[in-house]
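In: Quick one, structure for this:
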Amino acid sequence: MFGFREAGVLGASVALAGGLAYLIWNYASSYGENKPEMRCALQSRPAESSGTQVLVLGLDGAGKTSLLHCLATSSLELDLQPTQGLNALSINREDLQIEFLEIGGKEELRPYWKKYMPRALVLVFVVDSSSPQLFPLAKMLLHELLASDPHLPLMVLANKQDLPGACSITDLHDALSLSEVGDRRLFLISTHVKQGEAELSSGVQDAQDLIIQMVCDRR
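Out: As a prediction, the model looks like this:
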């Protein structure tokens, strides 16, 4: 079971202060090791899958690929090439299958984002918190996606928190207008994937636990 490790998680479907601890505690759960299977491709229509799908999106360079590997495998691997198309990692655990699906964030790939939204049980949107000049574009693209599903659970990962000058999650919450995303489960979590660390950061661990719990709740 994970606890409220640090002030790096905002549960924004209730008041940011009063409801925070309850939201995190309510999703507490424990899981074993993951055994992923990797597939890479790009399709023009939603992938047909009998499993559950966690859609991982964000602008190019936000750190999606490294975070995806951490979330799906619980291990650090830093020498990963940016995704040029689609990157999928499948986890099979007893009666549960979770498919993490990442689509590249370059402008020519963004039209594919909406095509995969109908298959998503959870949307994970990754933002480079050290690049505030990109926040307006990230905000616009995120809200366009959310308009297609008013109840889809959303997790925003404020990534690269280890870099100097990284924006706080409170400031990022305001910059992305997350108070305007409607009636949905919403989590904003600070994350980083840093070379030399022996284990995943607490934010990545919290995100992993919450994603699995949300997928289980929506099955």
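
In: For stretch 145-160, buried residues please.
Out: Using 16 or more other CB atoms under 10 Å as the test for burial, stretch 145-160 gives 145-146, 152-160. Just so you know, the C-beta spots here come from the backbone N, C-alpha and C atoms, and that holds for glycine as well.

In: May I have the helix ranked longest in the chain as CSV, with CA atoms only?
Out: For the chain, the longest helix by residue count, based on DSSP state H, is helix 202-218. Below are the C-alpha coordinates for helix 202-218, written out as CSV (Å, rounded to 0.1, in the frame of the first residue of the first chain):
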residue,chain,number,x,y,z
SER,A,202,7.9,8.6,-5.1
GLY,A,203,5.8,10.5,-7.6
VAL,A,204,6.2,7.8,-10.3
GLN,A,205,5.4,5.1,-7.8
ASP,A,206,2.2,7.0,-6.7
ALA,A,207,1.2,7.5,-10.4
GLN,A,208,1.7,3.8,-11.1
ASP,A,209,-0.5,2.7,-8.1
LEU,A,210,-3.2,5.2,-9.0
ILE,A,211,-3.3,4.2,-12.6
ILE,A,212,-3.7,0.5,-11.8
GLN,A,213,-6.4,1.3,-9.2
MET,A,214,-8.4,3.5,-11.7
VAL,A,215,-8.2,0.8,-14.4
CYS,A,216,-9.5,-1.8,-11.9
ASP,A,217,-12.3,0.6,-10.9
ARG,A,218,-13.5,1.1,-14.5
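
In: Which strands or helices does that helix pack on?
Out: Counting contacts by 3 or more CB pairs under 8 Å, 6 or more residues apart in numbering; DSSP states H and E, helix 202-218 is packed against strand 52-58, helix 64-73, strand 96-103, strand 122-128, strand 154-159, strand 186-190.

In: Kindly reformat these as CSV containing distance to N87.
Out: CSV is the format used below for the helices and strands packed on helix 202-218 (distance: least, CB to CB, whole Å):
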stretch, distance to N87
strand 52-58, 8
helix 64-73, 6
strand 96-103, 4
strand 122-128, 13
strand 154-159, 16
strand 186-190, 21
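
In: do you know which of those lies nearest G85?
Out: Minimum separation from G85 across the helices and strands packed on helix 202-218 (CB to CB) falls at strand 96-103, 7.6 Å.

In: Give me the packing partners of the closest one, helices and strands only.
Out: When contacts are defined as 3+ CB pairs under 8 Å, 6+ apart, strand 96-103 packs onto strand 52-58, helix 64-73, strand 86-93, helix 111-116, helix 202-218.

In: can you tell me which of the ones you listed the model trusts least?
Out: Looking at the helices and strands packed on strand 96-103, the lowest mean pLDDT belongs to strand 86-93 (a mean of 78).

In: Pull out the buried positions in that strand.
Out: Judged by neighbour count using 16+ other CB under 10 Å, the buried positions of strand 86-93 are 86-91.

In: Mind putting the residues you listed into CSV with distance to D60?
Out: CSV is the format used below for the buried residues of strand 86-93 (distance: CB to CB, whole Å):
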residue, distance to D60
L86, 14
N87, 13
A88, 18
L89, 19
S90, 24
I91, 25
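
In: That concludes my questions; thank you for your assistance.
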